[in-house]
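Engineer: The following block contains a protein sequence and its predicted model.
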Amino acid sequence: MPPLPCPPIVFADDFLLVVDKPAGLRSVRAGGEGRQDCLAARVQAAWPDALIVHRLDAATSGLVLFARGAEMLRRMSLAFEQRSVGKRYVAAVHGHVAHDSGEIDLALREDPERRPRQVVDPVRGRRALTRYRVLARQGEGDAAVTRVELKPVTGRSHQLRVHLLSIGHPILGDPLYAPAARAAAFARMHLHATQIAFIHPHTRVPMLFDSALPF
């Protein structure tokens, strides 16, 4: 079978790649038959030294950073740990979010009975912090939608999805956290990693990349 096409490359040099992942494609391989296709494999078919630095959920689209080689991976992983990488997401959610901006500071943990779902747990969960800003409100009643900008301070699994659910506004098309009947009305989940910013690990030049919203 010929290799599957690599998603669009937003930036490439001898040290890093920035790739625009489509919705529906896993970031890394999953166990089980027929689950080997992923963003990392497609990128590595063209750049064998590319190593994924962070992940997006399969249902999420947008910018993903790859390091070229182990040393660049070490440096960029450290930048993520030190929270010196800026990430911006945009989501469309059910209902009208009441406040124009705010923070969601709710600890999260895995739900062992319903993996891979996450749940809010202030006792056993790990701290998770998301900042948000309303971009637009549209529609009324059951058709009410809010478009929000999201800046995760921490990087927990499903953090943005569960945090939005926790304030009563699940993401449109979310197959895990939106009501099933409402999620089925959308072809994809409306969450996109639209911007990433960091200091280049080799040149020390500030870098900022944007990806246009696909919804």
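Structural biologist: Done, it's in.

Engineer: okay, the residue most central in space within the chain: pLDDT?
Structural biologist: Of all residues in the chain, the one closest to the mean position by Cα atoms, centre = their mean is L56, 4.1 Å from it. Note on L56: pLDDT of 97.

Engineer: Looks like it contacts A40 (just checking).
Structural biologist: No. Using Cβ atoms under 8 Å, L56 makes no contact with A40, being 11.5 Å away. Quick note: C-beta positions are derived from backbone N, CA and C, even for glycine.

Engineer: So for those two, which residues contact both of them?
Structural biologist: S27 (Cβ atoms under 8 Å, 6 or more residues apart in numbering).

Engineer: mind checking which helix or strand the residue nearest to the centre of the chain is in?
Structural biologist: Using DSSP states H and E, L56 falls within no helix or strand.

Engineer: Repeat that for the one 3 residues further on.
Structural biologist: A59 is part of no helix or strand when elements are defined by DSSP H and E.

Engineer: Now do the contacts for the residue lying closest to it once chain neighbours are set aside.
Structural biologist: Leaving aside its chain neighbours, A59 sits nearest to M189 (4.0 Å; criterion: Cβ to Cβ, 6 or more residues apart in numbering). Counting by Cβ under 8 Å, 6+ apart, M189 touches 23, 59-60, 171-175, 183.

Engineer: Whichever of those end up buried, select them in PyMOL.
Structural biologist: Selection of buried members from the contacts of M189 for PyMOL, criterion 16 or more other Cβ atoms under 10 Å:
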select buried, resi 23+59+60+171+172+173+174+175+183
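
Engineer: mean confidence for stretch 160-176?
Structural biologist: Mean per-residue pLDDT for stretch 160-176: 97.

Engineer: Let me see the domain layout of the protein.
Structural biologist: Domain segmentation of the chain under automatic domain parsing yields 9-86+197-210, 88-191.

Engineer: SS state for Y177?
Structural biologist: coil (DSSP: H, G, I helix; E, B strand; the rest coil).

Engineer: Tell me what A50 is bridged to.
Structural biologist: R68 (DSSP bridges).

Engineer: residues near it, how many?
Structural biologist: Using other Cβ atoms under 10 Å, A50 is surrounded by 23 other residues.

Engineer: now do the one 3 residues further on
Structural biologist: Counted with other Cβ under 10 Å, residues neighbouring V53 total 20.

Engineer: Look up how far V43 lies from it.
Structural biologist: Distance, V53 to V43, using Cβ to Cβ, to the nearest Å: 12 Å.

Engineer: which residues do the two both contact?
Structural biologist: In contact with both V53 and V43: F66, using Cβ under 8 Å, 6+ apart.

Engineer: in this protein, which helix or strand is least confident?
Structural biologist: Least confident element among the helices and strands of the chain, by mean pLDDT, DSSP states H and E: helix 180-183 (a mean of 91).
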